[in-house]
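Trainee: for reference, the sequence and a predicted model appear below.
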Amino acid sequence: MDLQIIPRPWSRVERVEDPAAFRYDDFFHKYMMANAPCLFSAEFSRSWGSRRSWVTADNKPNWEQLLRVFGDAIVPVANCDVKEYNANPKELLPLREYIAYWREYTENGRRSPKGCLYLKDWHMKREFPDQDVYDTPVYFSSDWLNEYWDAIGMDDYRFVYMGPVGSWTPFHADVFRSYSWSANICGRKKWLLFPPGQEERLRDRSGHLPYDVTTPSLQNSCPPPLEVIQEAGEIIFVPSGWHHQVYNLEDTISINHNWVNGCNVSFMWSLLQVELSAVQREIGEWKETMDDWEQHCQIILKSCTGIDYKEFFTFLKIIAAPRIQALQDSPEVSTTQGRSLMAPGPLHVQFDLRKIRETLLLLMDNKDFRKLDTEMLQPRPEELLSELESAIRSRV
């Protein structure tokens, strides 16, 4: 049930230079399946509209353009100078108010009575879908997480970040232990990356992870991170379960997606099990006296992680449905070993369905899932498993 620990030593993050020479198949096997980070050169984002219109000739944020297009947008802003439960407290501001602060902060030598404010997790893509800002690179296009939330119309995990020199993000691993990619539209970032398992050496006596891994008291126990300097235009791929801490070295704008697919859905499922176990320990003393204790645990699990076991089943179902349909609609495809795996082609669909089936079997075999009332799930888990197996057999 523990998250995967990378067995090999890490000394550097590899660079990918040429879009014309780098195939999806290369990224799939060398980085996604291997859960290994990499850094894409600025060539991979050169055609984006935001690289042209959001940036001045001297590689600074184009505040006037941002104000013209997005000035009235309400954006979430974190205070980097305040710690609140191992994170920074947030408030909602109009973008024009945040940019006015940013200008004043810069003109005053990076000082403000408001502290160092960082615009984080703005759902710009959802709010302004018609703006020519960026195109998701094909390497990151197998994105079950955003596919699911788009399908149910509830949320998304596509974000814009903007912040001055010195703004930063505390030590963390990404939501659902997802992958993330982050592209600098302008400015530079420093990333401190820790492979899965290294964070365990940083826990305190209560089992809590640190807020800031650069704290002097941690230097003797902290394993050396992989340090990456990300330049303007470059895109970093952060794999599942890699804890990280990030600093803006210049005034920076970046675009970030979190995503899950068949290569890392096991990390998501493992995290849910770990988090449920923690909930069960926390309220274990009421197990014998609380009616429907298992369901209460699921409610708390969802409040902590954003998803419970039944919704995880729904997630698998919604991701499976168009892939089952695609196999039914597509012409016969050979699965000869050695064929290139291209997104979003038929071979990728087969891979996805096998991973969904594998994960569904683990869910159905889980003792906590079996204790839940699943009568209202449509289709029933057994029926979805049968559909998956039938679709997979049709292409063998």
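Mentor: Ah, there it is.
Trainee: and whichever strand or helix holds residue 190, what does it pack onto?
Mentor: Assigned by DSSP states H and E, residue 190 belongs to strand 189-194. In terms of contacts (3 or more C-beta pairs under 8 Å, 6 or more residues apart in numbering; DSSP states H and E), strand 189-194 is packed against strand 226-230, strand 235-238, strand 243-248. All C-beta spots, glycine's among them, are computed from the backbone N, C-alpha and C.
Trainee: now with 7 Å, please.
Mentor: strand 226-230, strand 243-248 (3 or more C-beta pairs under 7 Å, 6 or more residues apart in numbering; DSSP states H and E).
Trainee: and the ones you listed, which is most packed in?
Mentor: Ranked by mean neighbour count, the helices and strands packed on strand 189-194 are led by strand 243-248 with a mean of 22 (mean count of other C-beta atoms under 10 Å).
Trainee: and after that one, which helix or strand comes next?
Mentor: Following strand 243-248 toward the C-terminus (DSSP H and E): strand 252-259.
Trainee: after that following strand, next one along is what?
Mentor: helix 265-282.
Trainee: what comes into contact with that following helix?
Mentor: 1-4, 176-177, 240-241, 260, 297, 300-301, 304-305, 309, 312, 355, 359, 362, 368 (C-beta atoms under 7 Å, 6 or more residues apart in numbering).
Trainee: how about 8 Å then?
Mentor: For helix 265-282, the external contacting residues (C-beta atoms under 8 Å, 6 or more residues apart in numbering) are 1-4, 144, 176-178, 240-241, 260, 287, 297-298, 300-301, 304-305, 307-309, 312, 355-356, 359, 362-363, 366, 368.
Trainee: select only the buried ones of the residues you listed in ChimeraX?
Mentor: In ChimeraX, a selection of the buried entries from the contacts of helix 265-282 looks like this (16 or more other C-beta atoms under 10 Å):
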select :3,4,144,176,177,178,240,241,260,297,298,300,301,305,307,308,309,312,355,356,359,363,366,368
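Trainee: if we can go back for a sec, tell me the angle the strand holding residue 190 makes with strand 252-259.
Mentor: Orientation of strand 189-194 against strand 252-259 (axes from the mean of the first three to the mean of the last three C-alpha atoms, to 10 degrees) gives an angle of 40 degrees.
Trainee: mind listing what's buried along strand 189-194?
Mentor: 189, 191, 192, 193, 194.
Trainee: which one of these sits closest to residue 321?
Mentor: residue 193 (35.4 Å; C-beta to C-beta).
Trainee: can you name the residues that contact that closest one?
Mentor: Counting by C-beta under 8 Å, 6+ apart, residue 193 touches 13, 37, 225, 226, 227, 228, 238, 242, 243, 244.
Trainee: farthest-apart pair in these, please.
Mentor: For the contacts of residue 193, and using C-beta to C-beta, no pair is farther apart than 13 and 243, which are 14.7 Å apart.
Trainee: mean confidence score for the strand holding residue 190?
Mentor: Mean pLDDT, taken over the full extent of strand 189-194, equals 97.
Trainee: what pairs with that strand, parallel or antiparallel?
Mentor: Sheet neighbours of strand 189-194, with direction, are listed as strand 226-230 (antiparallel), strand 243-248 (antiparallel) (DSSP bridges).
Trainee: off-centre distance for the last one?
Mentor: Going back to what we said before, that points to strand 243-248. 14 Å (C-alpha atoms, centre = their mean, to the nearest Å).
Trainee: just the CA trace of it, in CSV.
Mentor: Coordinates of the C-alpha atoms in strand 243-248 are reproduced here as CSV (Å, rounded to 0.1, in the frame of the first residue of the first chain):
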residue,chain,number,x,y,z
HIS,A,243,7.9,16.2,-3.0
HIS,A,244,9.2,19.6,-4.0
GLN,A,245,9.7,23.2,-3.0
VAL,A,246,9.8,26.0,-5.5
TYR,A,247,11.1,29.6,-5.6
ASN,A,248,10.6,32.4,-8.2
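Trainee: what sits up against that strand?
Mentor: Strand 243-248 has contacts (C-beta under 8 Å, 6+ apart) with 118, 163-173, 187-194, 198-199, 209, 212-214, 225, 238.
Trainee: sweet, I'm off.
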